[in-house]
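1. Return atomic coordinates for the entry below.
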Amino acid sequence: MPENNINTKDFIIGSLVGAIIGASTALLFAPKSGRELRSDINQGATQVKGRASEFKDAAQEKGMVLKDKAFATSAELTKKAVDTTSQFSKNVAQKSQEFKENVTQKSQELKETAAQKANEVKKDAAKKAGEVKADAEQKTEAVKTDAADKKKEVKKTAKTATK
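-> Sure thing, here's the model as predicted:
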């Protein structure tokens with residue numbers, strides 16, 4: 001599209017220059033008197049001035065339209081940037097909240113698992129302690145029985161030896 005604007009602008013400038021040169025050439029080579037020639041030149045200059053004024057007005061109007069379009073586009077882009085930034089901030093806040101909840105949940109699960117394992121170890125330790133105690137009591141009884149048997153034997157041997 002910019003190429004069309006350049007070509008149109010070049011065409012308009014070329015036409016204007018060609019019209020000026022053509023009008024000047026026609027006036028200079030036409031067989032007229034000085035007064036008529038000056039009158040025609042003044043008339044041509046007035047026409048050229050009018051056309052230049054029209055081109056100036058058209059250019060100003062086009063410039064205003066482009067300026068308004070640029071402001072509108074700028075406002076749209078600014079609004080879009082603000083909306084995108086706002087949405088990004090909301091997403092970050094939401095993800096942060098989700099992360100916090102996830103960490104809290106995992107911490108709670110870990111705490112519960114640790115408490116469960118501690119209870120299991122405590123139960124196992126109590127069970128083992130009971131087994132060790134029962135085993136120790138059994139062995140103590142066995143040693144007492146053995147000691148009593150040995151004591152009887154020693155008394156018996158001592159009686160036999162004293163006889």
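2. can you tell me which helix in the protein is longest?
-> Looking across the chain with DSSP state H, the single longest helix is helix 34-162.
3. where does that one sit relative to the chain's centre, distance-wise?
-> In this view, helix 34-162 has its centroid 14 Å away from the chain centroid, taken as C-alpha atoms, centre = their mean, to the nearest Å.
4. Report the mean per-residue pLDDT for that helix.
-> Averaging the model's pLDDT scores along helix 34-162 yields 89.
5. Against which helices or strands is that helix packed?
-> Using 3 or more C-beta pairs under 8 Å, 6 or more residues apart in numbering; DSSP states H and E as the contact criterion, the secondary-structure elements in contact with helix 34-162 are helix 2-29. Quick note: C-beta positions are derived from backbone N, CA and C, even for glycine.
6. The helix it packs on to helix 34-162, inter-axis angle?
-> For helix 2-29 and helix 34-162, the angle between their directions (axes from the mean of the first three to the mean of the last three C-alpha atoms, to 10 degrees) works out to 170 degrees.
7. tell me the average confidence for helix 2-29?
-> Per-residue pLDDT over helix 2-29 has a mean of 75.
8. Against Q97, how distant is Q87?
-> In this structure, Q87 and Q97 are 16 Å apart, going by C-beta to C-beta, to the nearest Å.
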